[in-house]
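Engineer: okay, here's the prediction I keep looking at, along with the sequence it came from:
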Amino acid sequence: MAGYDIIDKVKASLENLCPATVSCADIIALVARDAVSQQFGKDLWEVFTGRKDGNTSIAKEALDNLPSPAATFEDLAASFHEKGLNKMDLDILSGAHTIGMAPCSTIATRLMPVTDPTLDQGFAESLKELCNRGQNNVSFGTPRFDNQYYSQLLAHRGVLRSDASLLEDTESLHLVGLLSRGEDTFLKNFGAAMQKMGGIGVLVGSDGGVRTNCIGVQLLS
Ligand code: HEM
């Protein structure tokens, strides 16, 4: 979402060519696919389109629907289940944390006053140093979209408590091992899980509209 300037540019071009036709919801789904795929030079998954945008936006609703970065495996599995996603989807989609950053505030309780004993101690020290130095964010992993997230987890170098939680469940631990050994398997399954997630709560027909501005509230039905 930090890349909203890109979303705005895409929306402006589409409005020029084909007014009030392509929803912001579809644009976000397509741009997410393209952002992940660009390093591979081909689309990693097909995005089904035809979503409408919601008629209202309530910031609190987004937060209410997001699991906490401090969540246990049980909490995460329950919140994914509520959306029709299973434990395998949870493991596979969490692999998105191979890229991007997390604010120091989301890991503060893992570092202080006592270091989380499940965290590799050397890694914990380096996170502490970065955050104490006044840096606001720590990096999840590599700039490449790859399966290194899973090797990091197994080395107890998962950044968020919720990342580390994937080792708490026996089946999940087994899957993390498989994903750490097979990049192609990860990418293939990631694409399928993104398609599944992209089909949750989709608005069609008169249940929604097409926004003309993705950050604004103006709607055409
Ligand atoms: C399993 C539950 C999840 C939790 C608890 C979680 C939590 C978080 C948190 C706290 C951040 C830092 C965001 C910020 O405040 O700036 C983050 C970043 C991110 N998450 Fe997740 N996340 C989860 C699942 C996912 C899924 C399913 C995806 C996508 C498939 C995803 C993709 C990302 C990406 C790409 C970033 C980096 C954003 C950036 O660098 O600006 N996460 N996540």
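Structural biologist: That came through, no problem. Numbers count the residues shown, from 1 in each chain.

Engineer: could you find the closest non-adjacent residue to the residue nearest the centre of the chain?
Structural biologist: Of all residues in the chain, the one closest to the mean position by CA atoms, centre = their mean is residue 96, 5.4 Å from it. Excluding its sequence neighbours, the residue lying closest to residue 96 (CB to CB, 6 or more residues apart in numbering) is residue 190, at 7.6 Å. From N, CA and C alone the C-beta is placed, and that goes for glycine too.

Engineer: cool, and residue 97?
Structural biologist: residue 140 (4.6 Å).

Engineer: and the one you found, how far is that from residue 212?
Structural biologist: 34 Å (CB to CB, to the nearest Å).

Engineer: how about residue 107?
Structural biologist: Residue 107 is 39 Å from residue 212, by CB to CB.

Engineer: more neighbours, the two?
Structural biologist: residue 107 (23 against 17; other CB atoms under 10 Å).

Engineer: what about the residue of the chain found nearest the ligand, how many neighbours?
Structural biologist: Of all residues in the chain, residue 100 sits closest to the ligand, at 2.3 Å by CB to the nearest ligand atom. Neighbour count for residue 100, taken as other CB under 10 Å: 13.

Engineer: what's the nearest residue to it if we skip its chain neighbours?
Structural biologist: Residue 100 sits nearest to residue 140 (CB to CB, 6+ apart), 5.2 Å away.

Engineer: all helices in the chain, in order from the N-terminus.
Structural biologist: 4-17, 24-37, 59-65, 73-82, 87-94, 108-111, 121-132, 148-154, 161-164, 170-181, 183-197 (DSSP state H).

Engineer: lowest average confidence across the ones you listed, which one?
Structural biologist: Among the helices of the chain, helix 59-65 has the lowest mean pLDDT, at a mean of 87.

Engineer: CA-only coordinates of that helix in PDB, if you can.
Structural biologist: The C-alpha coordinates for helix 59-65 follow below in PDB (Å, rounded to 0.1, in the frame of the first residue of the first chain):
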ATOM      1  CA  ALA A  59     -10.200   2.200   8.100                       C
ATOM      2  CA  LYS A  60     -11.000   0.400  11.300                       C
ATOM      3  CA  GLU A  61     -12.500  -2.500   9.300                       C
ATOM      4  CA  ALA A  62      -9.200  -3.100   7.700                       C
ATOM      5  CA  LEU A  63      -7.400  -3.300  11.100                       C
ATOM      6  CA  ASP A  64     -10.200  -5.500  12.500                       C
ATOM      7  CA  ASN A  65      -9.600  -8.000   9.700                       C
END
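
Engineer: can you get me a residue count around the residue nearest to residue 100?
Structural biologist: Residue 140, neighbours per other CB under 10 Å, totals 19.

Engineer: how close does the residue nearest to residue 96 sit to residue 69?
Structural biologist: Distance from residue 190 to residue 69, counting by CB to CB: 20 Å.

Engineer: between those two, who's got more neighbours?
Structural biologist: residue 190 (21 against 18).

Engineer: what's near enough to touch the more buried one?
Structural biologist: Residues in contact with residue 190 (CB atoms under 8 Å, 6 or more residues apart in numbering) are 36, 44, 45, 92, 93, 95, 96.
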